[in-house]
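Student: missing the sequence, but the structure's below:
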């Protein structure tokens, strides 16, 4: 199994990626090559309070958690995020943990 596949599997586990309606991240697309290693994840905005689109998600995430991800709208994919994982695994896990914490903090209350 390649390193990129192992990293993507770890990202899926950290972000709890499923196709179910109860998760913040519902879908994942992997883009890997010899030049770049990234993935795109689809946001489930219906579960987040006060976040209306991917741009707002990215802006608040950067301000609150110091994590920078590319809003999908920049690539023509509204309400998706692009996460690049060309970093040390420990830094990647820290960033993913911060994304999770951000989503939990902004989760809609029942």
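Tutor: Structure received. For clarity, every value in this text was computed on a predicted model and none was experimentally measured.

Student: C-alpha only now, for contacts and for neighbours.
Tutor: Noted.

Student: lowest average confidence, helix or strand, in this protein?
Tutor: Least confident helix or strand of the chain, by mean pLDDT, DSSP states H and E, is strand 25-32 with a mean of 55.

Student: longest helix of the chain?
Tutor: helix 89-105 (DSSP state H).

Student: Quick one: list the elements packing against that helix.
Tutor: With contacts taken as 3 or more CA pairs under 8 Å, 6 or more residues apart in numbering; DSSP states H and E, helix 89-105 sits against helix 3-15, helix 54-65.

Student: change it to 7 Å
Tutor: helix 3-15 (3 or more CA pairs under 7 Å, 6 or more residues apart in numbering; DSSP states H and E).

Student: List the buried residues in the longest helix of the chain.
Tutor: Applying a neighbour-count criterion of 16 or more other CA atoms under 10 Å, the buried positions in helix 89-105 are 92, 93, 95, 96, 97, 98, 99, 100, 102, 103.

Student: What of stretch 75-93?
Tutor: 79, 80, 81, 82, 83, 84, 85, 92, 93.

Student: which one among these gets closest to residue 71?
Tutor: residue 81 (4.8 Å; CA to CA).

Student: Any chance you could list what contacts the host helix or strand of the closest one?
Tutor: Using DSSP states H and E, residue 81 sits in strand 80-84. Strand 80-84 has contacts (CA atoms under 7 Å, 6 or more residues apart in numbering) with 37, 38, 39, 40, 41, 42, 43, 54, 69, 70, 71, 72.

Student: how about residue 106, what does it touch?
Tutor: If a contact means CA under 7 Å, 6+ apart, then residue 106 has 48, 49 as its contacts.

Student: From residue 73, how far off is it?
Tutor: Distance of residue 106 to residue 73, computed by CA to CA, to the nearest Å: 21 Å.

Student: and if you look at residue 107?
Tutor: Applying CA to CA to residue 107 and residue 73 gives a distance of 22 Å.

Student: And residue 50, how far from residue 59?
Tutor: Counting by CA to CA, the gap from residue 50 to residue 59 is 12 Å.

Student: the more surrounded of those two?
Tutor: residue 59 (17 against 13; other CA atoms under 10 Å).

Student: So for stretch 44-59, what gets flagged as buried?
Tutor: 44, 45, 47, 48, 51, 53, 54, 55, 57, 58, 59.

Student: This completes my enquiry, with thanks.
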